[in-house]
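In: Test case, fold it:
(one chain, ligands or ions: 1)
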Amino acid sequence: MANLWTRCNNCQKILYKQDILDNQHVCPSCRFHFRVSSLERLAFLYDEGGYERFDEDILPVDALQFVDHRPYAERLEENQRKTQLPEAVISSIGKIGGLDVIICAMDFSFMGGSMGSVVGEKVTRAIERATAGKLPLIIISCSGGARMQEGALSLMQMAKTSAALARHDEARLPFISVLTDPTTGGTTASYSMLGDLNIAEPNALVGFAGPRVIEQTIREKLPKGFQRAEFLLAHGLLDDVVERKALRGYLIRVLRLLLNRQP
Ligand SMILES: [Zn+2]
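Out: Numbers count the residues shown, from 1 in each chain. Sure thing, here's the model as predicted:
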């Protein structure tokens, strides 16, 4: 019976687990947004939760034969087994509010949602598919940044995804970037911040380097709420902060507006 109940780490209230699940993993008491998987994200957004996944057969390789505490190849295998996902992003196509759309959803549970060659390649292909099909694009970021086990190969993904987004933009197609907790490093420094609209979930950590590194570099104490979604909105780095439950309706409204369709 014990696992029917859980404590919210934010407000410390004991809550019925099902109430949180029914609330799209948002605390019904304090509205704290818990992290959700890429598959749950997609189910929340698409019409009747229906969509098709693509580029599932592009799998990561250990090109550098990288070993830290453990070989990278071993880590990849373990993460694939643990998450049942091929990589840290899912590319998908379906309808939202009756509009055809391509959505990429990153998954933090796969190596911290880090962006390696395959994440970059899948995101790029999804953007190119959107451009070719004249479709709007949504990327939901949840990432610790570039994947260090692939070194410079990971960093190259920043340029590749950004170039593909520039072509999508030249085709006058909308791209909405949704930043969730956390979105940091190379992801923030590339596609996550290149949306026609960049919107975040409440309290999401969004930044490039972590606060400790910044404090040590500029030798100043950082203000309260630094790098949180509301702080970034107030300082003009984001276009909006949207609660998870309102996100689907928000995206449909914005897409209709940008595509010049009837409301
Ligand atoms: Zn709470």
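In: Quick check, pLDDT for Ile96.
Out: Ile96 is assigned 97 on the pLDDT scale.
In: try Arg172
Out: Note on Arg172: pLDDT of 97.
In: In a strand, it, correct?
Out: No. Read with DSSP: H, G, I helix; E, B strand; the rest coil, Arg172 is coil and lies in no strand.
In: Phi and psi next, for it.
Out: phi 60, psi 40 (degrees, to the nearest 10).
In: Quick check, pLDDT for the nearest residue to Phe34 once chain neighbours are set aside.
Out: Leaving aside its chain neighbours, Phe34 sits nearest to His25 (4.3 Å; criterion: CB to CB, 6 or more residues apart in numbering). In this view, the C-beta of every residue, glycine as well, is placed from N, C-alpha and C. Predicted confidence (pLDDT) for His25: 96.
In: hang on, His25 packs against Ser37?
Out: No. Judged on CB atoms under 8 Å, His25 makes no contact with Ser37 at a distance of 9.4 Å.
In: how many other residues sit next to the residue of the stretch 101-250 of the chain found nearest the ion?
Out: Closest approach between the stretch 101-250 of the chain and the ion, counting by CB to the ion: Asn203, at 11.5 Å. Residues within reach of Asn203, counting by other CB atoms under 10 Å, total 16.
In: give me every residue that touches it.
Out: Counting by CB atoms under 8 Å, 6 or more residues apart in numbering, Asn203 touches 32-33, 181, 228-230.
In: so which of those also contact the ion?
Out: The residues of these that also fall near the ion, by CB under 5 Å from the ion, are Phe32.
In: Kindly reformat the contacts of Asn203 as CSV containing secondary structure.
Out: Shown next, in CSV, are the contacts of Asn203 (three-state DSSP):
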residue, secondary structure
Phe32, coil
His33, strand
Asp181, strand
Arg228, strand
Ala229, helix
Glu230, helix
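In: re earlier: distance of the residue nearest to Phe34 relative to Leu259?
Out: His25 is 29 Å from Leu259, where distance means CB to CB, to the nearest Å.
In: OK, contacts around the residue nearest to Asn3 when sequence neighbours are not counted?
Out: In space, and not counting its chain neighbours, Asn3 is closest to Lys17: 7.1 Å by CB to CB, 6+ apart. Neighbour list for Lys17: 3-6 [criterion: CB under 8 Å, 6+ apart].
In: Also Ala159?
Out: Ser190.
In: in what helix or strand does it lie?
Out: helix 151-170 (DSSP states H and E).
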